[in-house]
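S.K.: How does the following fold in three dimensions:
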Amino acid sequence: MLAGCATRERDNRSPVSTSQPTPPPDVTTFTETKPLPEPSDVSNRAVAQSFVETYEQRYVYNELVGGFGSSGVATKITVEPARVAVVHTTDSGYYVLSSCRGSARYFDPDGSPSSATRNASSVAHFVSDELHRRIPFNAYRCEQPVVQTATVNNSDEPLARLQIYDFETKPDYEDLEQGGRTVDVTVRNADEEVILEQAYQTSLPLTVQPAVTETPGSYTLAASLADGPTVQYEWDLSTSGTPSWWALCLVITAGGTLAIERWYPNEEVGVPPNGVCRH
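M.R.: Residues are numbered from 1 along each chain as shown. Here you go, the predicted structure:
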């Protein structure tokens, strides 16, 4: 099951259609996009954070310039400062989460201008001297829930969930079933009973496995790539309502290795607790 938008994202949208009504000369308009930065000399965490801040602010600005649906030309655009946090560091680069919000007003000749907002939240990045990969949390593959009870749809408490990010493989949006890496995942409870055993194909950069369990306790997660070692993680779900329940991430790094991390540095940029993979 695919959730969100699975089409190719455009970093620079074209200006709004020229067939739209033209505002009078005394109205300020915004029709030009801003160039997105390219990484260079990313030598430390601060540089990586600054790059992502600039990138996301310009990305959101460009989205608002492009408009949405039948909106007219933008007459006001406001973009808030991006919130960013480095969540994982390797010898080759930095993994950063970001959220950025903006709003715009659009011209309407009848005197009733329309408005829109753009909220690019919980976006994951890899940044190095030569490479930038961006994985938004609005296009992902939803796997079938493991727990098949009424609680899955009716509970306000998030059930245990995991995410698989692939920063190594550039996705082929023309064929969403091909490409990517195979990740073998096994989850056992404290009694060594297997509650999840599945191979995931990362043909999309983000895969979500919802409803792994609804039972608090201690679990062991083991994951591996076809050509790599098994990575283990002690998954503590003893306290309900904590980020461990929804923010566990299996990360295929840009270098092709596998890491297991909890990506929730704060509620502004962390992996969202709710509203994901509603079956």
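S.K.: For this structure, which segments count as helices?
M.R.: According to DSSP state H, the chain carries its helices in the segments 45-66, 151-154.
S.K.: excluding its backbone neighbours, what's nearest Ser103?
M.R.: Spatially, and ignoring its direct neighbours in sequence, Ser103 is nearest to Thr117 (4.6 Å; CB to CB, 6 or more residues apart in numbering). C-beta coordinates here come from the backbone N, C-alpha and C atoms, glycine included.
S.K.: Please verify my assumption that the one you found contacts Glu80.
M.R.: No: under the criterion of CB atoms under 8 Å, Thr117 lies out of contact with Glu80, with a separation of 10.4 Å.
S.K.: got any ranges where this structure has weak pLDDT?
M.R.: 1-21, 70-71, 150-158, 176, 279 (pLDDT under 70).
S.K.: Which residue ranges make up the domains of it?
M.R.: Partitioning the chain according to automatic domain parsing yields domains covering residues 2-135, 140-262.
S.K.: now the longest one, how far from the chain's geometric center?
M.R.: How far domain 2-135 lies from its chain's middle: 14 Å, per CA atoms, centre = their mean, to the nearest Å.
S.K.: can you check the shortest one too?
M.R.: For domain 140-262, the gap between its own C-alpha mean and the chain's C-alpha mean amounts to 15 Å (CA atoms, centre = their mean).
S.K.: now do the same end-to-end measure for that domain.
M.R.: End-to-end distance for domain 140-262, by CA to CA, to the nearest Å: 18 Å.
S.K.: Please apply the same query to stretch 185-199.
M.R.: End-to-end distance for stretch 185-199: 6 Å, by CA to CA.
S.K.: Using CSV, please lay out the domains of the chain together with distance to Asn274 and mean neighbour count.
M.R.: What follows is these, written out as CSV (distance: least, CB to CB, whole Å; neighbours: other CB atoms under 10 Å):
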stretch, distance to Asn274, mean neighbour count
domain 2-135, 12, 17
domain 140-262, 6, 17
